[in-house]
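Student: Please work out how this folds:
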Amino acid sequence: MHTSPDVLALMALGEVAGSPAEQDHATVCPDCSQEVAELARIAGVGRAATDADALQTPSPQVWERISAELGLSEHAVTEPAHVRDATVTELGSRRVAATGSSGAGTGAGRRFLALAVAAALALVAGIGIGIGYQRQVTEPQVRVIASAELEPLPKWAGTTGKAEVTTDGRGNRELVLRVSTAQPVDGTLRVWLMKSSIRDPQNMGEVRDGEARIPIPQGMSLFQFPVVDVSDEPPGDTDPEHSGDSVARGALA
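Tutor: Prediction:
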């Protein structure tokens, strides 16, 4: 079972939340760790706002989409000028009904609170619903989530390289690698992901002209296989196992 979305949201804000088991799961689970990273990025955008960031006035269609998403009543969208008070009042009433009190509550009450916070973030940051700052903030869809400097093995002194793991925000990850050897390679350079103990090498693909861009399988955990290894495989080698001749190696962080 995945870690609760409420706990993931609090972790993204830098709070200590959930049980030790939930925290451990969020650390090793690719889906949960990805969600924490996405929420942390959104929180960072909100925190970066200054007094110079004037808000645009949303259209009635925007309020309709917010109301539909939160399941609010019609009065919350018929008078945009008062939608803030209407929305807060209705969410507050639902939260009290769900928890049985006006306190912080848990379960359904916390879920309504999370939805209210999400709506507020959307209004401030303009994420996904067309509301933005007059100073438009743009970010590339593809971003680096881990990297490693590749250190040469003794036989290959002078070799340099770097590996990066990128994501497109949809859970698709890619291993991007560049390596420059200090001496010619007679065979083929191949990329591997290994455990921290330098065991169980996973064959990822070849390096061509000093570069490689390799999709990482959805079920593969980089917490379990954090070491990037580049090996020299002999000419004509069809053995799926590592040759044992590592050129450069580094740990993703």
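
Student: quick one, helices of the stretch 101-250 of the chain?
Tutor: For the stretch 101-250 of the chain, applying DSSP state H, counting those that start in this stretch gives helices covering 108-125.

Student: so where's it uncertain?
Tutor: 101-140 (pLDDT under 70).

Student: Which residue ranges of it form strands?
Tutor: Using DSSP state E, counting those that start in this stretch, the strands of the stretch 101-250 of the chain run over residues 143-152, 160-167, 173-180, 188-194, 202-207, 211-216, 227-233, 246-251.

Student: Between strand 227-233 and the longest one, find me the angle.
Tutor: It stands for strand 143-152. 50 degrees (axes from the mean of the first three to the mean of the last three C-alpha atoms, to 10 degrees).

Student: again with the third one
Tutor: Between the axes of strand 173-180 and strand 227-233, defined by the same axes, to 10 degrees, the angle is 50 degrees.

Student: List the neighbours of strand 173-180 that are in contact with it.
Tutor: 145, 150, 159-167, 189, 191, 193, 204, 207, 210-216, 222, 228, 230, 247-248 (C-beta atoms under 8 Å, 6 or more residues apart in numbering). For the C-beta atoms, the positions are set from N, CA and C on the backbone; glycine is no exception.

Student: now the second one
Tutor: With C-beta under 8 Å, 6+ apart as the test, strand 160-167 has contacts from 34, 142-150, 152, 173-180, 216, 222, 228, 230, 248, 250, 252.

Student: one more time with 6 Å, if that's ok
Tutor: Contacts with strand 160-167, where a contact means C-beta atoms under 6 Å, 6 or more residues apart in numbering, come from 142, 144-150, 173-180, 228, 248.

Student: Of those, select the buried ones using a ChimeraX command.
Tutor: Burial among the contacts of strand 160-167 is assessed by 16 or more other C-beta atoms under 10 Å; the matching ChimeraX selection reads:
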select :146,148,150,173,175,176,177,179,228,248
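
Student: still on that earlier bit, quick one: the strands of the stretch 101-250 of the chain as JSON lines, columns for distance to S59 too.
Tutor: Listed next are those as JSON lines, based on distance: least, C-beta to C-beta, whole Å:
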{"stretch": "strand 143-152", "distance to S59": "30"}
{"stretch": "strand 160-167", "distance to S59": "32"}
{"stretch": "strand 173-180", "distance to S59": "36"}
{"stretch": "strand 188-194", "distance to S59": "48"}
{"stretch": "strand 202-207", "distance to S59": "47"}
{"stretch": "strand 211-216", "distance to S59": "39"}
{"stretch": "strand 227-233", "distance to S59": "48"}
{"stretch": "strand 246-251", "distance to S59": "49"}
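
Student: Tell me which of those strands is the most buried.
Tutor: Mean neighbour count (mean count of other C-beta atoms under 10 Å) peaks for strand 227-233 among those, with a mean of 23.

Student: Backbone torsions only: list them for L10.
Tutor: Note on L10: its backbone torsions stand at phi -70, psi -40 [degrees, to the nearest 10].

Student: hey, what's the nearest residue to G205 once chain neighbours are set aside bridged with?
Tutor: Excluding the flanking residues, the one nearest G205 by C-beta to C-beta, 6 or more residues apart in numbering is I214, at 4.4 Å. Beta-bridge pairing of I214, defined through DSSP bridges, involves L175.

Student: And for P215, nearest residue in space, chain neighbours not counted?
Tutor: Using C-beta to C-beta, 6+ apart, the closest residue to P215 is E174 (5.6 Å).

Student: I'd like the distance between that neighbour and A12.
Tutor: 23 Å (C-beta to C-beta, to the nearest Å).

Student: repeat for R178
Tutor: 31 Å.

Student: now do R65
Tutor: Following C-beta to C-beta, the distance that separates R65 from A12 is 24 Å.
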